[in-house]
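> Need a 3D model of the sequence below.
(one chain, ligands or ions: 1)
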Amino acid sequence: MSAVSVEIVSKTFPAAGGAPERALYRDFRLDVADRSFVALLGPSGLGKTTLLNMIAGVDRDFVGRVGFGAGGSPRIGYAFQTPRLLPWRTVLQNVTLPLPAGEGARERALRVLSEMGLADASDVYPERLSLGMQRRVALARAFALEPDLLLMDEPFVSLDEANADRLRDLLTELIARRPTTVLFVTHDSREAFRLADRVVALDGPPVRITDDVAVTLTPEQRRMPSEIERLRAALLGLKRGAVA
Ligand SMILES: Nc1ncnc2c1ncn2[C@@H]1O[C@H](COP(=O)(O)OP(=O)(O)OP(=O)(O)O)[C@@H](O)[C@H]1O
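Below is the predicted model of the structure:
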């Protein structure tokens with residue numbers, strides 16, 4: 001488990017074709033409580049993936065700091081926008097690969113695969129699986145690590161609603177079983193309210209927080225489209241057209 005405290009004084013990317021450099025982030029601050037599930041909601045191209053990369057330590061080219069709560073260096077699981085499975089490795093090998101070497105890694109991977117209904121697919125190569133199954137394997141890979149902090153970048157995008165919803169349920173179950181701090185990037189406000197206990201809406205550039213709301217729905221209410229619509233309308237002021 002881990003709290004996260006992000007302070008980005010400045011983050012820029014060089015602009016293409018000699019155009020002036022544009023600040024993606026300037027004086028941005030976000031504090032995430034331990035074991036909370038925070039959805040980061042914002043339009044495409046805003047800088048959400050960049051934020052996750054800075055938190056994960058994949059992108060260190062910025063001015064600012066990312067701090068973590070007690071313990072200092074949490075185990076971070078990262079579920080990317082695309083499943084990113086290695087095609088020449090089986091499902092089991094893909095899930096085992098990021099685990100610390102040693103006894104128990106294979107057993108842990110097999111246990112998580114089984115919990116996620118993937119036991120029969122463990123010896124299969126990813127290309128044989130549907131996109132929904134591949135995303136499920138990517139989720140298994142992130143969970144097998146038993147992360148203190150789970151970063152998720154639109155992990156259910158481009159799935160049909162029924163499949164996406166099954167995976168959302170699965171994610172909720174996994175987190176109930178093993179509480180984890182989650183930062184979940186999405187541009188879909190329905191998904192944000194369905195899953196998160198805090199929704200942070202972003203706009204920019206530079207990226208700024210436009211809404212920051214606690215979601216206190218019960219698990220039953222989260223499955224009711226009318227409840228989700230009520231929250232979307234009330235809390236995000238959809239008349240502004242800021243979110244999908
Ligand atoms: N390595 C890079 N070099 C230059 N520009 C980049 C780089 N990575 C991202 N960008 C630019 O930074 C901006 C933010 O990108 P980012 O992928 O973080 O956005 P996003 O909010 O995650 O969008 P999406 O939902 O489409 O993935 C975009 O304009 C993108 O083109």
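> C-alpha only now, for contacts and for neighbours.
OK.
> What count of nearby residues applies to residue 149?
For residue 149, the neighbour count with other C-alpha atoms under 10 Å is 27.
> now it: how far from residue 219?
Distance from residue 149 to residue 219, counting by C-alpha to C-alpha, to the nearest Å: 22 Å.
> cool, residue 211 as well?
23 Å.
> again with residue 227
Counting by C-alpha to C-alpha - residue 227 and residue 219 are separated by 11 Å.
> cool, residue 202 as well?
Taking C-alpha to C-alpha, one finds residue 202 at 25 Å from residue 219.
> what about residue 69, how many residues close to it?
15.
> Contacts for the helix or strand of the chain with the lowest mean pLDDT next, please.
Lowest by mean pLDDT, DSSP states H and E among the helices and strands of the chain is helix 225-236, with a mean of 82. Contact with helix 225-236 is made by 189-190, 193-194, 211, 213, 221-222, 238, 243, as judged by C-alpha atoms under 8 Å, 6 or more residues apart in numbering.
> ok, 7 Å please
For helix 225-236, the external contacting residues (C-alpha atoms under 7 Å, 6 or more residues apart in numbering) are 189-190, 193-194, 211, 221-222.
> just to revisit the earlier point, counting neighbours, go ahead and name the busier of residue 227 and residue 219.
Comparing residue 227 with residue 219 by other C-alpha under 10 Å, the one with more neighbours is residue 227, at 15 against 12.
> mind listing what's buried in the helix or strand where residue 50 lies?
Here residue 50 is covered by helix 48-56, with elements defined by DSSP states H and E. Buried positions in helix 48-56, judged by neighbour count with 16 or more other C-alpha atoms under 10 Å: 48-56.
> now swap in stretch 18-34 and tell me
23-26, 28-29, 32-34.
> Off-centre distance for that stretch?
Mean-position distance between stretch 18-34 and its chain equals 18 Å (C-alpha atoms, centre = their mean, to the nearest Å).
> same thing with stretch 214-221?
19 Å.
> go on, stretch 94-108?
On C-alpha atoms, centre = their mean, the centre of stretch 94-108 falls 22 Å from the chain's centre.
> average pLDDT for that stretch?
Mean per-residue pLDDT for stretch 94-108: 86.
> how many neighbours does residue 11 have?
22.
> ok, now residue 44?
Count around residue 44 with other C-alpha under 10 Å applied: 10.
> Name the SS class of it, please.
coil (DSSP: H, G, I helix; E, B strand; the rest coil).
> for this structure, which spans come out with low pLDDT?
Counting by pLDDT under 70, the ranges of the chain that qualify are 1, 71, 235-244.
> Write out the residues of it neighbouring the ligand.
For the chain, the residues in contact with the ligand (C-alpha under 6 Å from any ligand atom) are 13-14, 44-50.
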